[in-house]
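In: predicted model, plus sequence, below.
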Amino acid sequence: MTNLGMERMRLQSHSHIRKLIAYHQQKLNLLAKTTDRKATCIYNAHSPFLLCAVNPNGNCDQCHHYQPQK
């Protein structure tokens, strides 16, 4: 297999692992009855490069701009 094919397989498996981790984190949040502030905030940028429109470099857990979606 070429280097390009191996790299593509590595990236696909990395993406799959990230999805599994996110899925299990959601299940843990449901069991612990906690909310994911990053996913439920109205200021979430929904971008892989920018987390938040108000606080782009900060942590969502301590952000005082947090507003839940309605």
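Out: Now that the structure is in, tell me what you want to look at.

In: per-residue pLDDT, residue 2?
Out: pLDDT for residue 2: 69.

In: actually residue 66, not the one I wrote
Out: At residue 66, pLDDT is 80.

In: low-confidence ranges in the chain?
Out: Regions of the chain meeting the criterion pLDDT under 70 cover residues 1-2, 34-37, 48, 58.

In: mind listing the strands for it?
Out: Assigned by DSSP state E, the chain shows no strands.

In: which residues in it form helices?
Out: 3-32, 37-40 (DSSP state H).

In: please produce a markdown table containing these, extended by distance to residue 62.
Out: Heads up, the C-betas are built off the backbone N, CA and C, glycines and all. Output for those, formatted as a markdown table (distance: least, Cβ to Cβ, whole Å):
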| stretch | distance to residue 62 |
| --- | --- |
| helix 3-32 | 17 |
| helix 37-40 | 9 |
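
In: turn the ones you listed into JSON lines, columns for mean neighbour count and distance to residue 67.
Out: Listed next are the helices of the chain as JSON lines, based on neighbours: other Cβ atoms under 10 Å; distance: least, Cβ to Cβ, whole Å:
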{"stretch": "helix 3-32", "mean neighbour count": "10", "distance to residue 67": "19"}
{"stretch": "helix 37-40", "mean neighbour count": "14", "distance to residue 67": "9"}
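
In: closest to residue 53 out of the ones you listed?
Out: helix 37-40 (12.3 Å; Cβ to Cβ).
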